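Chemist: structure for the following, please:
(one chain, ligands or ions: 2)
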Amino acid sequence: MTVHDVKHAASDSARLEAVGGRLSRVDGPAKITGAARYAVEQQLEGLAHAVLVDSTIAAGKVVSIETQAAKAARGVIAVLTPDTIMKLSVASDWFGNPLAPQRTFCPLARDVTYCGQHIAVVIAETFEQAVSAAALVMADYDQAPALVELGDGTAGEIISIEGMTKEWGNAQAALAEAPVHLSAVYNTQRSAHAAIEPHGLIARWEGDRLTIWEPSQWLDGMARTYAEWFGIPFENVRLVSPYIGGGFGSKALALAHSAVAAAAAKMLGRPVKLMLTRSQNFTSYGGRATTRQTIDLGADKAGRIQSIIHRGVSEVSLEGMWVEAVGSITSIMYDTPNFSSRQDVVRLNTVLPNPKRAPGENPSAFGIECAIDELAHELGLDPLEIRLINYAEQDPHAKKAWSTRQLREAFAVGAEAFGWAKRSPAPRSMRAGHQLIGWGVAAGAYPVQRAHGEAVVKIMFDGSVEVESSSIDMGQGTYTILAQTAAETLGVPVSQVSVKLGDSHFARAGVTGGSRLAGIMTGAVHKAASQALDELIGLALSDPRLPFHGLQANTLAVKDGRIGSPRGDGPELSIAELMSMLGRDRIEAKGDTLPAGTTAEERYKNYTTIAMSIPHTEGDYSRHSWCAHFVEVKVDEDFGTVRVSRVVSALDSGRLYNPKLAESQWKGGIIMGIGEALLEEGIVDRRHGRTVNSNFADYMLPTNADIPDIQTISVGIPDPHSSALGGKGVGELGIVGVAPAIANAVFHATGKRVRDLPITLEKLI
Ligand code: MCN
Ligand code: MOS
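Modeler: Ligands and ions are numbered 1, 2, ... in the order given. You can find the predicted model right below:
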């Protein structure tokens with residue numbers, strides 16, 4: 001290698017490693033070699049194993065629980081029931097609002113509200129002994145009829161969610177006057193998160209200090225919940241979650257099984273490990289709720305929308321609240337002078353549903369993006385053209401300018417790459433032998449959710465850099481983008497940076513949800529690293545023993561791990577040499593993005609609740625990520641089997657911190673959308689309210705053979721209103737709009753409009 005080659009190679013790797021470079025995951029080798037240790041792989045002295053016993057009815061009372069045989073079984077330490085497990089305090093909600101503080105919380109149920117609810121737990125010396133003894137626990141029930149179906153005669157209490165009502169103009173009158181009408185009902189199914197790593201935890205008490213090893217999307221929020229359950233100070237709880245095998249929204253909260261394990265550990269004075277079985281991962285916590293939405297569209301003959309009336313409903317459990325907000329993007333996709341949207345929930349004997357990747361936005365897109373396709377067909381317009389005719393130049397609901405909206409570009413670039421111009425408009429007009437070919441398009445959006453973040457950056461004596469945050473990486477790429485941010489800000493190679501995440505004793509972080517972590521944490525690390533660098537440069541300039549002292553320079557720069565004049569002339573030292581000459585073992589800076597004057601209480605709230613999240617319409621702008629999916633399907637004319645044969649998606653997530661990882665995120669979302677459109681469905685037995693396909697054999701997920709080549713194209717531009725470094729959300733955007741794009745393609749292929757997901761073959765033949 002010549003000097004020129006070395007310099008060239010250094011600048012290539014600097015580009016790769018800087019923010020915006022396509023660096024491969026820095027945690028990849030640890031995962032591939034097995035060195036990455038997941039939370040519940042922790043080996044502890046004296047560990048006991050807990051196995052849960054679940055209700056086999058969906059509604060009624062546990063009259064008695066027979067535990068004698070289990071207690072007498074080999075290795076059993078204890079069998080706990082609702083009568084014998086310790087009672088906890090009721091924890092506050094996502095916003096930190098206290099819930100029924102006068103009541104106690106029993107994590108094992110006597111009054112059963114869903115099938116699979118935990119009613120007892122067996123703790124034994126080994127896992128096998130606990131499994132075998134749990135099978136000996138027998139419960140007697142007084143069974144009541146279960147409420148299982150959204151919108152049928154057996155449905156439970158209907159609650160109107162007033163805060164989600166959106167109205168402007170006069171939607172009813174405008175609909176009546178519009179020359180063109182469309183009215184349709186769209187249904188989306190219950191679906192599971194299906195993360196590879198199951199839920200579970202290890203709980204250990206030392207006096208009144210609790211350590212929990214548990215996969216978690218929100219260490220600080222979960223630590224707050226444990227502290228409130230057990231009435232101990234927040235600081236006494238430590239959550240550890242260095243790697244996570246997927247969460248998709250399900251791992252943000254401590255759940256009933258978490259409370260059982262922590263209570264058992266306290267009662268027994270031993271660390272306890274509790275893992276949910278694969279089947280319990282379908283029944284112990286909710287997936288995406290079943291939804292139904294009715295859409296009425298009124299338009300003029302040219303296809304301009306005059307009115308949208310939207311009514312949505314989602315299922316919820318008898319206790320607790322989770323709203324799958326199906327009207328969430330209905331109000332922003334198209335320009336309309338008149339609009340009305342309302343949301344209800346229906347209480348059923350089901351487990352409390354959870355957020356799952358783009359909760360609300362995803363089913364919301366299924367309604368509006370199918371409806372606009374139906375309207376286009378009725379008017380003989382191209383589905384792309386009708387979207388441009390109704391293009392919203394500003395947020396029609398908030399009446400604010402978009403921060404950035406590259407959706408027109410997404411339509412244009414996506415259509416070009418897909419070859420949309422070659423589409424023949426009539427349904428059933430494209431085929432290859434026995435296969436009907438359909439081309440469909442749909443758009444999607446996801447709001448930019450923001451909050452404040454905190455990070456610690458340490459420059460060490462040997463020139464290495466450590467970044468610490470209690471935020472997490474469940475596969476999105478947090479380790480990598482934070483290493484890139486620190487490396488770029490400090491001017492050191494990524495190989496010198498180690499990022500430590502997943503410990504609640506590190507600098508605080510809020511929930512990893514709403515695709516907000518990357519924007520928040522790159523901002524916090526950039527700030528902390530800048531502070532550390534300023535300190536380093538300040539020391540280097542002011543210390544008379546150093547060669548920079550006589551230069552009278554007012555600043556220095558660090559490049560490739562070496563500090564010197566920004567012009568590249570004069571003396572130069574490695575960071576390690578500089579630290580040694582300064583006699584320092586580290587320079588440490590804690591940076592946060594909170595406004596000056598933030599109180600300690602607000603700070604705590606910012607990280608342990610979602611009460612301080614900044615609305616996406618704050619100030620002068622409405623902030624969202626945008627996308628357009630173009631899909632080709634092949635439908636077998638005789639059998640009705642649907643194959644997705646091509647996907648081209650153009651997406652606007654603003655500036656990308658790492659395009660390689662962002663593309664992988666988008667593709668993950670698109671694959672999940674294909675599963676939702678064609679395969680996934682949590683099937684509930686209507687007689688007993690029991691989930692019947694609670695395993696990976698019967699719950700259909702897309703595998704490699706179901707997934708075609710997916711092309712993703714970034715059309716984003718830096719958005720200064722959305723984050724410190726100009727990025728918008730990536731993680732959830734990809735799934736939004738996939739299912740309607742596929743449904744629209746299936747209509748184009750077959751002439752059949754399927755408005756109920758998943759689109760299975762019996763709906764087509
Ligand atoms: N990114 C980027 N440029 C941006 C924004 C993000 O390059 N402007 C890339 C980064 O690699 C970043 C990743 O995309 O690590 C995701 O960033 P962001 O959109 O901020 O999302 P979060 O980090 O907050 O991750 C949460 C999000 C959510 S809410 C769900 S649900 C989801 C998702 O991420 N669950 C996932 N992606 C997942 N990916 C995996 N592998 N597993 C899950 O459980
Ligand atoms: Mo994502 S569903 O907001 O964790």
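
Chemist: can you name the residues of the stretch 501-650 of the chain that neighbour ligand 2?
Modeler: Listed as neighbours of ligand 2 in the stretch 501-650 of the chain under the rule Cβ under 6 Å from any ligand atom: Gly513, Gly514. For the C-beta atoms, the positions are set from N, CA and C on the backbone; glycine is no exception.

Chemist: for ligand 2, what's the nearest residue on the stretch 501-650 of the chain?
Modeler: Residue of the stretch 501-650 of the chain nearest ligand 2, by Cβ to the nearest ligand atom: Gly513 (3.3 Å).

Chemist: before we move on, what about the chain?
Modeler: Gly249 (2.6 Å).

Chemist: just say helix, strand or coil for that residue.
Modeler: Classification of Gly249 using DSSP: H, G, I helix; E, B strand; the rest coil returns coil.

Chemist: now it. Nearest residue, chain neighbours left out?
Modeler: Among residues not flanking Gly249 along the chain, Pro355 sits closest, at 3.8 Å (Cβ to Cβ, 6 or more residues apart in numbering).

Chemist: got a list of what that neighbour touches?
Modeler: Neighbour list for Pro355: Gly249, Ser250, Ala252, Trp322, Gly513 [criterion: Cβ atoms under 8 Å, 6 or more residues apart in numbering].

Chemist: about what we covered before: which residues touch the residue of the chain closest to ligand 2?
Modeler: Contacts of Gly249 (Cβ under 8 Å, 6+ apart): His193, Gln217, Asn354, Pro355, Lys356, Arg357, Pro359, Gly513.

Chemist: which sections of the protein are below the confidence cut-off?
Modeler: Low-confidence segments of the chain, defined by pLDDT under 70: 1-10, 152-155.

Chemist: for it, longest helix please?
Modeler: Using DSSP state H to define each element, the chain has its longest helix at helix 517-542.

Chemist: quick one on the thing from earlier: from ligand 1, how far out is the residue nearest to Gly249?
Modeler: 7 Å (Cβ to the nearest ligand atom, to the nearest Å).

Chemist: quick check: that residue is in a helix.
Modeler: No: Pro355 is assigned coil when assessed by three-state DSSP, not a helix.

Chemist: SS state for Ala705?
Modeler: Assignment for Ala705 (three-state DSSP): helix.

Chemist: burial check on it, number of neighbours?
Modeler: For Ala705, the neighbour count with other Cβ atoms under 10 Å is 7.

Chemist: ligand 2 contacts on the chain?
Modeler: Residues of the chain lying near ligand 2 (Cβ under 6 Å from any ligand atom): Gln217, Phe248, Gly249, Ala252, Pro355, Lys356, Arg357, Pro359, Gly513, Gly514, Glu732.

Chemist: name the element His616 belongs to?
Modeler: Taking DSSP states H and E as the definition, one finds His616 inside no helix or strand.

Chemist: for Leu407, give its distance to Ala741.
Modeler: According to Cβ to Cβ, to the nearest Å, Leu407 and Ala741 sit 14 Å apart.

Chemist: these two: who's more crowded?
Modeler: Comparing Leu407 with Ala741 by other Cβ under 10 Å, the one with more neighbours is Ala741, at 35 against 26.

Chemist: which ones are touching Leu182?
Modeler: Contact analysis of Leu182 by Cβ under 8 Å, 6+ apart lists Ile295, Asp296, Leu297, Ala299, Ala371, Glu374, Leu375, Glu378.

Chemist: ok, 7 Å please
Modeler: By Cβ atoms under 7 Å, 6 or more residues apart in numbering, the contact list for Leu182 reads Leu297, Ala371, Glu374, Leu375, Glu378.
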